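# I would like to see how this sequence folds:
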Amino acid sequence: LRAAISTHIINALPIWRRKVTPHAMQELRNLLAQRGCGLVMFPEGQRSEDGEPGRFKAGIGMLVAGTPIPVIPAWISGAGGPHSALQKFRGVPRPRKITVRFGPALTFAHTANEREGWDAVIEGVEGAVKGLRPVK
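This is a model prediction of the structure:
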């Protein structure tokens, strides 16, 4: 039901990370390479219980390594953690202030589309995202 609502109402494409095939990843890469197509991705693969970012997964590297697809890093404050808008095991968001900070676009056109290249993408994107974290 959630997938149907996401697909038809907000034009979202839900992806089940444990069931993604190489063919599906290639199809998504092709869609992203087309002009006017974008994807919001949470490269950690899950929400944090404490609000701290987790280790990024290889999916972001698989999607953009060796392509001109730009990655725009973003830091979201107030969405995750024990007093956040959407706690990990809650299905309904609560009213809370959420702040989003964006960084400059990154590209990985000259990065190999293989495990080492994916790791390089992960390092670059993760570093850029964490660099947007507000100073307390």
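
# low-confidence ranges, the protein, go.
1-8, 10-19, 35-36 (pLDDT under 70).

# how far away is residue 108 from residue 28?
Distance of residue 108 to residue 28, computed by CB to CB, to the nearest Å: 15 Å. The way it works is simple: take the backbone N, C-alpha and C, and place the C-beta from them, glycine included.

# residue 115 too?
From residue 115 to residue 28 the distance is 18 Å (CB to CB).

# out of the two, name the residue with the larger neighbour count.
Applying other CB atoms under 10 Å to residue 115 and residue 28 shows that residue 28 carries more neighbours, namely 19 against 12.

# that one: which element?
Using DSSP states H and E, residue 28 falls within helix 22-33.

# so what does that helix touch, helix or strand wise?
helix 59-64 (3 or more CB pairs under 8 Å, 6 or more residues apart in numbering; DSSP states H and E).

# in its sheet, what does the helix or strand just after the helix it packs on sit against?
Proceeding N to C from helix 59-64, the next assigned helix or strand is strand 74-77, under DSSP H and E. The partner list of strand 74-77 in its sheet, established with DSSP bridges, is strand 99-102 (antiparallel).

# just to check, residue 124 is in contact with residue 106?
Yes - the criterion here is CB atoms under 8 Å, and residue 124 meets it with residue 106 at 5.9 Å.

# of those two, which one has the most company?
Of the pair residue 124 and residue 106, residue 124 is the one with more neighbours under other CB under 10 Å, namely 19 against 16.
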